[in-house]
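In: Need coordinates for the following:
(one chain, ligands or ions: 2)
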Amino acid sequence: MTGYNSQNDVASSNGNQAGATGHKSTEYIAQENHTYPYEMIQEIADFLVKGSGIRPKIGIICGSGLGSLADLIQNPKVFEYSKIPNFPVSTVEGHAGKLVVGCLEGVNVMAMQGRFHYYEGYPLAKCSMPVRVMKLCGVEYLFATNAAGGINPKYAVGDIMLMHDHVNMLGFAGNSPLQGPNDPRFGPRFPALVNSYNKDLINKAIDISKAMGIESSVHVGVYSCLGGPTYETIAELRALRMMGVDAVGMSTVHEVITARHCDMKVFAFSLITNKCATEYSEKKDEEANHDEVMAVAKNKQKACCEMVSRLVAEIQKSL
Ligand SMILES: O=P(O)(O)O[C@@H]1C[C@H](O)[C@@H](CO)O1
Ligand SMILES: Nc1nc2[nH]cnc2c(=O)[nH]1
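Out: Ligands and ions are numbered 1, 2, ... in the order given. All right, here's what the predicted structure looks like:
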């Protein structure tokens with residue numbers, strides 16, 4: 001271990017502060033931005049590969065209430081986040097805080113039962129750090145799932161939206177998981193994000209939805225991530241709709257950015273857990289709440305699990 005702890009007080013690591021030239025070292029700037037050096041990510045990846053004896057090809061991030069996706073995994077080796085060196089811990093209900101490594105449909109996979117959100121107090125680089133860990137474990141495909149509010153009036157609660165693009169509201173505000181010094185071993189300084197969501201995987205998922213008989217409740221749309229933890233105001237929802245956003249949440253975008261930066265193929269979907277009101281109303285039952293989000297996710301976990309395992313089986317055919 002390098003001994004570096006991203007939660008350390010930056011000022012206490014005086015060895016890395018501005019030198020005689022007045023310039024801050026790259027390592028110091030990395031610490032200041034709470035980014036993880038490549039070597040530290042490598043150490044976490046080595047710990048997981050050694051501990052599981054597996055090099056996963058697909059990484060899965062389970063959204064709120066969708067942790068049962070990881071229960072599909074055969075011969076699972078389970079790592080509690082608190083036992084993984086330098087890993088953050090999950091603090092949100094519906095995010096168990098476990099990493100499950102094993103086999104799904106004949107493919108080695110790694111699933112996060114619990115992700116890290118910006119509103120938990122973690123900087124974006126820390127929220128999406130596990131994606132880099134996945135990469136160094138050998139992961140080539142990222143499957144990211146989330147619970148989201150449906151803004152598109154055609155979406156119903158319980159529908160699935162396959163993400164084909166996103167609007168990065170945190171990025172509009174100047175925040176990025178790639179902020180700070182760039183390590184080219186992960187990817188380029190200025191990555192392009194057009195075609196971030198793999199078209200082939202989206203098409204396969206559409207075919208799967210037809211085979212499952214659920215195509216009328218599966219859509220292809222645009223997701224936007226806000227910082228949370230508040231749900232949106234009516235004015236914000238109207239603005240998002242005008243921007244072409246179909247579903248809104250508090251995650252995924254920074255994970256996708258990190259995955260594309262290191263050239264992973266990305267598939268992502270939102271489970272629509274609530275309809276976002278765009279008209280003013282005093283009715284309490286029209287307000288979004290996390291209990292409803294969790295209940296809908298629990299109800300729909302079977303379909304979500306089937307979608308994921310069938311898509312993994314499709315990937316297996318092409319390996
Ligand atoms: O982790 P995801 O994006 O699935 O969770 C969503 C966003 C918040 O964490 C929570 C709000 O209910 O659900
Ligand atoms: N931001 C946001 N996140 C959600 N997660 C589940 N539902 C919602 C929602 O309506 N808004």
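In: Residue numbers of the stretch 151-300 of the chain in contact with ligand 2?
Out: 226, 228, 231-232, 248-250, 273-274, 276, 288, 293 (CB under 6 Å from any ligand atom). For every residue, glycine as well, the C-beta is placed using N, CA and C.
In: filter the residues you listed down to the ones near ligand 1?
Out: Applying CB under 6 Å from any ligand atom to those, those adjacent to ligand 1 are 228, 249-250, 293.
In: ok, back up a step: filter the residues of the stretch 151-300 of the chain next to ligand 2 down to the ones in strands?
Out: Mapping those onto strands (DSSP state E) picks out 248-249, 273-274.
In: hang on, the earlier thing: I'd like the ones next to ligand 1 among the residues of the stretch 151-300 of the chain next to ligand 2 as CSV, with neighbour count, pLDDT and distance to residue 192 appended.
Out: As requested, those are exported to CSV (neighbours: other CB atoms under 10 Å; pLDDT from 0 to 100; distance: CB to CB, whole Å):
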residue, neighbour count, pLDDT, distance to residue 192
228, 16, 95, 27
249, 23, 98, 23
250, 25, 98, 25
293, 23, 93, 33
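In: Go through those residues and say which is closest to residue 65.
Out: residue 293 (6.5 Å; CB to CB).
In: Quick check: closest non-adjacent residue to that closest one.
Out: Distance criterion CB to CB, 6 or more residues apart in numbering; nearest residue to residue 293, sequence neighbours excluded, is residue 273 at 4.2 Å.
In: In three-state terms, label the closest residue to ligand 2 within the stretch 51-200 of the chain for me.
Out: The nearest approach of the stretch 51-200 of the chain to ligand 2 comes at residue 149, 2.2 Å away (CB to the nearest ligand atom). At residue 149 the chain is in strand, as set by DSSP: H, G, I helix; E, B strand; the rest coil.
In: my read: it touches residue 271, true?
Out: No. The pair residue 149 / residue 271 is not scored as a contact, 10.7 Å apart, by CB atoms under 8 Å.
In: So between the two, which is more surrounded?
Out: Between residue 149 and residue 271, residue 271 has the larger neighbour count (other CB atoms under 10 Å), namely 29 against 23.
In: which residues touch that one?
Out: Contacts here follow CB atoms under 8 Å, 6 or more residues apart in numbering; on that basis residue 271 touches 63, 66, 145-148, 158-160, 296-297, 300, 304.
In: quick one on the thing from earlier: so which of the ones in strands among the residues of the stretch 151-300 of the chain next to ligand 2 is the closest to residue 133?
Out: Looking across these and measuring by CB to CB, the closest to residue 133 is residue 249, at 22.3 Å.
In: That closest one bridge partners, please.
Out: Using DSSP bridges, the bridge partners assigned to residue 249 are residue 225.
In: Let's check: the centremost residue of the protein is which one?
Out: residue 252 (3.7 Å; CA atoms, centre = their mean).
In: State the distance from that one to residue 148.
Out: 9 Å (CB to CB, to the nearest Å).
In: Then residue 197?
Out: 15 Å.
In: doesn't residue 161 fall inside a helix?
Out: No. With three-state DSSP as the criterion, residue 161 is assigned strand and is not in a helix.
In: For the ones next to ligand 1 among the residues of the stretch 151-300 of the chain next to ligand 2, give me TSV that also has distance to residue 86.
Out: As requested, those are arranged in TSV below (distance: CB to CB, whole Å):
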residue	distance to residue 86
228	24
249	27
250	24
293	30
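In: and which of these is nearest residue 164?
Out: Once CB to CB is applied, the member of these that ends up nearest residue 164 is residue 249, at 15.3 Å.
In: Hmm, residue 227 and the closest one touching each other?
Out: No. Checked against CB under 8 Å, the pair residue 249 and residue 227 is beyond contact range at 10.9 Å.
In: Much appreciated, bye for now.
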